[in-house]
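Engineer: quick one, fold the following:
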Amino acid sequence: MNTATQTKQAQVVTSEELFKHWMGHRTLTRRIIEAFPEKDFFNFSIGGMRTPAALTSELLAIAGPGLRQIVEGGSEALSEKFEFNNSKAKALEFWDKADKEVATLWSKISNERFHERIVTFGQYEGSIWSSIFYFIDNEIHHRGQMYVYLRALGIEPPAFWDRDFGDGREK
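Structural biologist: Numbers count the residues shown, from 1 in each chain. Just a heads-up that it's a prediction; the model follows:
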């Protein structure tokens, strides 16, 4: 058996399946952001953790810009500077714009590139697939913080498993 055949047989998910998985997470994170009362989105914190708005800024700074570096090159430092102007609607507008950018950029990553070594944000070395997994894992981590915030506010958050996978299948 040749190496190309072995590699093909070893594939667990396709690029499209990974993209849908990530977008399922992004859809759920958007629903979590929507669940916050406006005031609390910008001001609520527990134990010195960042506010939901600050966590959202970090997620926005990673998804689109990180994928842009993967596709187009570059090594700009991570910048979490987003002007929400105390408007959760503005934060959601940024979120939706990032989703569109991620979808556009994703289509430009060939399967052959996923094992390519890269450096994102001028300092994080890894493969393309490991960088994307980090983007997803980081989002899950910060969404978990926001779940705690919502519960502390007495708000029932969406179920963590209730994601739209983009193929008509939910949960």
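Engineer: Ser131 and Glu34, how far apart?
Structural biologist: According to C-beta to C-beta, to the nearest Å, Ser131 stands 28 Å off from Glu34. C-betas here are computed from N, CA, C, even on glycine.
Engineer: please say which of the two ends up with more neighbours.
Structural biologist: Neighbours per residue (other C-beta atoms under 10 Å) separate Ser131 from Glu34, with Ser131 holding more: 23 against 14.
Engineer: can you show me the helices along the protein?
Structural biologist: 3-10, 15-35, 38-43, 52-72, 88-106, 128-152 (DSSP state H).
Engineer: how about those helices in TSV, adding distance to Phe121?
Structural biologist: Below are these laid out as TSV (distance: least, C-beta to C-beta, whole Å):
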stretch	distance to Phe121
helix 3-10	29
helix 15-35	18
helix 38-43	25
helix 52-72	7
helix 88-106	15
helix 128-152	10
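Engineer: of those helices, flag the one that's most buried.
Structural biologist: helix 52-72 (a mean of 20; mean count of other C-beta atoms under 10 Å).
Engineer: show me what contacts the closest residue to Glu101 other than its chain neighbours?
Structural biologist: The shortest distance from Glu101 to any non-neighbouring residue, by C-beta to C-beta, 6 or more residues apart in numbering, is to Gly64 (4.2 Å). By C-beta atoms under 8 Å, 6 or more residues apart in numbering, the contact set of Gly64 is 97-98, 101-102, 105.
Engineer: if you set the cut-off to 10 Å instead, what comes out?
Structural biologist: 94, 97-102, 104-105, 135 (C-beta atoms under 10 Å, 6 or more residues apart in numbering).
Engineer: mind checking how far it is from His115?
Structural biologist: 23 Å.
Engineer: low-confidence stretches in the protein?
Structural biologist: 1-10, 164-171 (pLDDT under 70).
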